[in-house]
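[1] below is the sequence, then the predicted model.
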Amino acid sequence: MLDFFANPARFEALSRTLSPWLLASWAILFVIALPIALVFSPADYQQGDTVRLMYIHVPAAWMATIAYTFIAVMSVMAFIWRHPIADALARAAAPVGLAMTGLALVSGAFWGKPTWGAWWVWDARLTSVLVLFFIYLAYLAIWDTISDPARAAKFARVTALLGFVNIPIIKFSVDWWNSLHQPASLVRAGGPTIDGSMLTPLLMMIAGYTLFFAWAVCAGAEAQIIEARARRRSARAPRRILKVDGTARTEQAEGEDG
Amino acid sequence: MADFLQMGGYAIYIWPPYVLSFAVLGFIFQRRWARLRQLRALESAAEKQPPEGDNDSVKVSS
């Protein structure tokens, strides 16, 4: 199955087929979930209406860690099986993961102020998510600053795998250390502790963010495939060379493989 | 409507993150969509273009 989609043309065809469905499902989920989250779901008996921040904060935090896990898995696939699409998928996921981490931090700060009385505390959960933000920045900086794509890919994979150590720290930080942040209430042994009236819109928003991420990764990887094809085409195209005697000669370009 | 917008007195904490979240999602969507459309259009134009320079040596007209 993985080998089947290792072919860029096959992946591109799959991406073109899936993209409209991913976008449509994302839009439908948001249109249904947002009114439930903002109007029909009840306010919390302690936090009041600030609990409505949960419907954007939790999906963003979820996607921040899922996107990084995806990057780490793709890096392993690129390292071990030299899967040609894996690096493109990982690179396409990183800006989305960075944005989601930023949104989780900002929405968390806006939730923290009325709930804890502080925009920010150097708590294990918050700090480990901030570290994730910087790991994303480092990962993207590697792709953008190293001009040789093969070398950049190698460094990016190593960075992705080293940074993955932070993901279990984020997940279990609320169990391992004293924390202002609430413990896991969604993904935990014994099931979610959230009431159904809040859980339904929350799961819909999480599904919506996940579909958006899937679309953004497909679109980003497809763009990289098209760009690579354009680079190969321009490298193969005959070059017209003007000679000093007033004649022009066309020459097949060399260097890049087809 | 006013009650809804006031969010129980917490509007200042709730609406800015919502607006920012949708702005960021919209920005990512716009960037990726526009880039993909542009690349597809460029590729399609390049495929339609005839290959240039079939002759081995061409006299340049002055």
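    Noted; the coordinates are in hand. These numbers come from a predicted model, not from an experiment. Numbering: from 1, shown residues only, chains lettered A, B, ... in the order given.

[2] what's the helix or strand harbouring residue A:63 packed up against?
    Taking DSSP states H and E as the definition, residue A:63 sits inside helix A:54-80. Under the contact criterion of 3 or more C-beta pairs under 8 Å, 6 or more residues apart in numbering or on different chains; DSSP states H and E, helix A:54-80 touches helix A:86-116, helix A:124-145, helix A:149-163, helix A:166-176, helix A:196-236, helix B:11-48. The C-beta positions use only the backbone N, C-alpha and C, and glycine is treated the same way.

[3] next one: the first one, is it in contact with chain B?
    I take that to be helix A:86-116. Yes: residues of helix A:86-116 contacting chain B under C-beta under 8 Å from any C-beta of the partner chain: A:95, A:96, A:99, A:102, A:103, A:106, A:107, A:110, A:111, A:113, A:114.

[4] of those residues, buried ones?
    For the residues of helix A:86-116 next to chain B, a burial check counting by 16 or more other C-beta atoms under 10 Å in any protein chain shown picks out A:95, A:96, A:99, A:102, A:103, A:106, A:107, A:110, A:111, A:113, A:114.

[5] what residues are up against the third one?
    If I follow you right, that is residue A:99. Residue A:99 is in contact with B:24, B:28, counting by C-beta atoms under 8 Å, 6 or more residues apart in numbering or on different chains.

[6] could you do the fifth one as well?
    Shown in contact with residue A:103 (C-beta under 8 Å, 6+ apart): A:56, A:60, B:17, B:20, B:21, B:24.

[7] residue A:131 and residue A:166 touch, don't they?
    Yes: using C-beta atoms under 8 Å as the test, residue A:131 is close enough to residue A:166 to be in contact (5.5 Å).

[8] thinking again about what came up before, now the residues of helix A:86-116 next to chain B as TSV including pLDDT?
    Putting the residues of helix A:86-116 next to chain B into TSV (pLDDT from 0 to 100) gives the following:
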residue	pLDDT
A:95	97
A:96	97
A:99	97
A:102	97
A:103	97
A:106	97
A:107	95
A:110	95
A:111	93
A:113	92
A:114	92
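
[9] output the below-cut-off pLDDT ranges for chain B.
    For chain B, the stretches flagged by pLDDT under 70 are B:50-62.

[10] low-scoring stretches of the stretch 151-258 of chain A, by residue?
    A:189, A:237-258.

[11] can you show me the CA trace of stretch B:16-32 as CSV?
    Extracted in CSV, the C-alpha atoms of stretch B:16-32 (Å, rounded to 0.1, in the frame of the first residue of the first chain):
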residue,chain,number,x,y,z
PRO,B,16,-9.8,37.2,19.6
PRO,B,17,-8.6,33.6,19.6
TYR,B,18,-11.6,32.5,17.4
VAL,B,19,-10.9,35.3,14.9
LEU,B,20,-7.2,34.5,14.9
SER,B,21,-7.8,30.7,14.5
PHE,B,22,-10.0,31.3,11.4
ALA,B,23,-7.7,33.9,10.0
VAL,B,24,-4.7,31.4,10.3
LEU,B,25,-6.7,28.6,8.7
GLY,B,26,-7.9,30.9,6.0
PHE,B,27,-4.4,32.1,5.3
ILE,B,28,-3.0,28.6,5.1
PHE,B,29,-5.9,27.6,2.8
GLN,B,30,-5.4,30.6,0.5
ARG,B,31,-1.6,30.2,0.3
ARG,B,32,-1.7,26.5,-0.6
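
[12] returning to what we had before: can you put the residues of helix A:86-116 next to chain B in TSV and add distance to residue A:89?
    Putting the residues of helix A:86-116 next to chain B into TSV (distance: C-beta to C-beta, whole Å) gives the following:
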residue	distance to residue A:89
A:95	13
A:96	11
A:99	17
A:102	21
A:103	21
A:106	26
A:107	27
A:110	32
A:111	32
A:113	37
A:114	39
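
[13] closest one of these to residue A:68?
    Taking C-beta to C-beta as the measure, residue A:68 lies nearest residue A:96 of those, at 10.6 Å.

[14] mind checking how far that closest one is from residue A:82?
    Residue A:96 sits 24 Å away from residue A:82, going by C-beta to C-beta, to the nearest Å.

[15] if we can go back for a sec, make TSV out of the contacts of residue A:103 and add distance to residue A:162 and neighbour count.
    As requested, the contacts of residue A:103 are exported to TSV (distance: C-beta to C-beta, whole Å; neighbours: other C-beta atoms under 10 Å in any protein chain shown):
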residue	distance to residue A:162	neighbour count
A:56	30	26
A:60	24	25
B:17	31	21
B:20	30	16
B:21	29	23
B:24	27	17
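
[16] closest to residue A:213 out of the residues you listed?
    So of the contacts of residue A:103, ranked by how close each gets to residue A:213 (C-beta to C-beta), first place is residue A:60, at 10.6 Å.

[17] can I assume that closest one is in contact with residue A:107?
    Yes: here residue A:60 reaches residue A:107: they are 6.2 Å apart, a contact under C-beta under 8 Å.
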